[in-house]
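> generate coordinates for the sequence data below:
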Amino acid sequence: MLALAFAEKTLSGLVFSALVVGIATYFGQPFIFDPIVLICFIAIAITFRRNIDLLSICSVFIAERALEELMWRFLENTIAFKIPSYLMLIAICFYFSSGFIRAYALTFLTLAASIEFYWYISDYDAPFILWYCYLITILIIVRRFLRMRVFWLIELNPKWEPAPLALDSQLLLANAGFIISSSLAVFEFYIRHLTSYKEVLYVYNFFPYFNGILSVFILYVIIIQSILHLKAIELEA
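Residues are numbered from 1 along each chain as shown. Okay, the predicted model is just below:
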């Protein structure tokens with residue numbers, strides 16, 4: 001009982017701390033808040049490594065953030081880099097998505113590549129929209145994993161006994177929020193760089209706030225699931 005109470009308070013403290021630090025730092029300094037969220041995911045993954053559902057969910061978010069960090073360091077805003085990048089992103093989205101999401105992703109990326117080409121032949125100093133295209137592609141991969149998580153884990157090892165959780169639907173909702181915010185950011189770039197409305201910065205200014213809230217929401221629902229797991233263990237004891 002004492003161990004359970006301590007664990008619950010510790011996990012709840014992680015959410016509260018992330019929220020406070022996020023409000024204080026993220027919106028001006030994302031390089032401070034993002035590592036904090038990443039550390040929380042790693043801590044939960046290690047603590048609940050015997051729970052394949054929590055471990056797999058935390059692992060995919062750890063991989064997502066690590067890949068975002070890697071991309072941010074190596075992406076280039078040059079045509080030589082953009083051409084293979086867009087071709088690769090289109091292929092990835094086609095493979096990892098279906099239905100409406102596939103149609104949207106392929107249309108979005110094709111439009112982005114076409115506008116990039118227009119900016120290039122116009123000798124225009126193009127904004128770095130490729131970064132957002134990469135983000136959306138990663139989000140689509142994460143979305144595919146969340147939808148297929150149980151099936152894929154059973155295929156890997158039936159003994160793990162993964163189970164669908166209400167958490168999966170909550171994370172899919174947050175994932176959709178990230179896709180929408182990243183898409184709107186790109187469309188606002190189009191408005192600023194294809195029209196005379198150069199001062200339209202609504203999404204640009206709100207983007208870090210919205211994504212920061214979604215990050216805390218994801219962390220919160222995962223920790224709530226962790227607490228439910230602890231309570232289930234207590235009942236079985």
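> could you say which helix or strand holds Tyr86?
For Tyr86, the host element (DSSP states H and E) is helix 79-96.
> in that helix, what counts as buried?
By 16 or more other Cβ atoms under 10 Å, the buried positions in helix 79-96 come out as Lys82, Ser85, Tyr86, Leu89, Ile90, Ile92, Cys93, Phe96. All C-beta spots, glycine's among them, are computed from the backbone N, C-alpha and C.
> I'd say the fourth one and Leu109 touch.
Pointing back at Leu89 there. Yes: counting by Cβ atoms under 8 Å, Leu109 is a contact partner of Leu89 at 5.5 Å.
> returning to that earlier point: give the rounded mean pLDDT of the helix holding Tyr86.
Mean pLDDT, taken over the full extent of helix 79-96, equals 95.
> same check on stretch 221-236?
Averaged over stretch 221-236, pLDDT sits at 76.
> next, the buried residues of it.
For stretch 221-236, the neighbour count (16+ other Cβ under 10 Å) marks Val221, Ile222, Ile223, Ile224, Gln225, Ser226, His229, Leu230 as buried.
> what's the answer for stretch 42-51, then?
Residues of stretch 42-51 classed as buried: Ile44, Ala45, Thr47, Phe48, Asn51 (neighbour count, 16+ other Cβ under 10 Å).
> swap in stretch 194-211?
Buried residues in stretch 194-211 (16+ other Cβ under 10 Å): Val203, Phe207, Pro208, Phe210, Asn211.
> element containing the spatially most central residue of the chain?
By Cα atoms, centre = their mean, the chain has its centre lying nearest to Leu139, at 5.2 Å. Applying DSSP H and E as the criterion places Leu139 in helix 130-156.
> after that helix, which helix or strand is next?
Following helix 130-156 in sequence, per DSSP H and E, is helix 166-194.
> what's the helix or strand hosting Pro208 packed up against?
Element membership for Pro208, per DSSP H and E: helix 202-236. Contact partners of helix 202-236 among helices and strands, from 3 or more Cβ pairs under 8 Å, 6 or more residues apart in numbering; DSSP states H and E: helix 2-21, helix 30-47, helix 52-74, helix 166-194.
> between those, which gets nearest to Ile154?
Checking the helices and strands packed on helix 202-236 against Ile154 by Cβ to Cβ gives helix 52-74 as the closest, at 10.1 Å.
> in that closest one, which residues are buried?
Neighbour count says helix 52-74 has 52-58, 60-62, 64-65, 68, 71 buried, by 16+ other Cβ under 10 Å.
> next, the angle helix 166-194 makes with it.
Angle, helix 52-74 to helix 166-194, by axes from the mean of the first three to the mean of the last three Cα atoms, to 10 degrees: 20 degrees.
> where does this structure have low pLDDT?
1-31, 233-237 (pLDDT under 70).
> what about 80?
1-36, 209, 227, 229-237 (pLDDT under 80).
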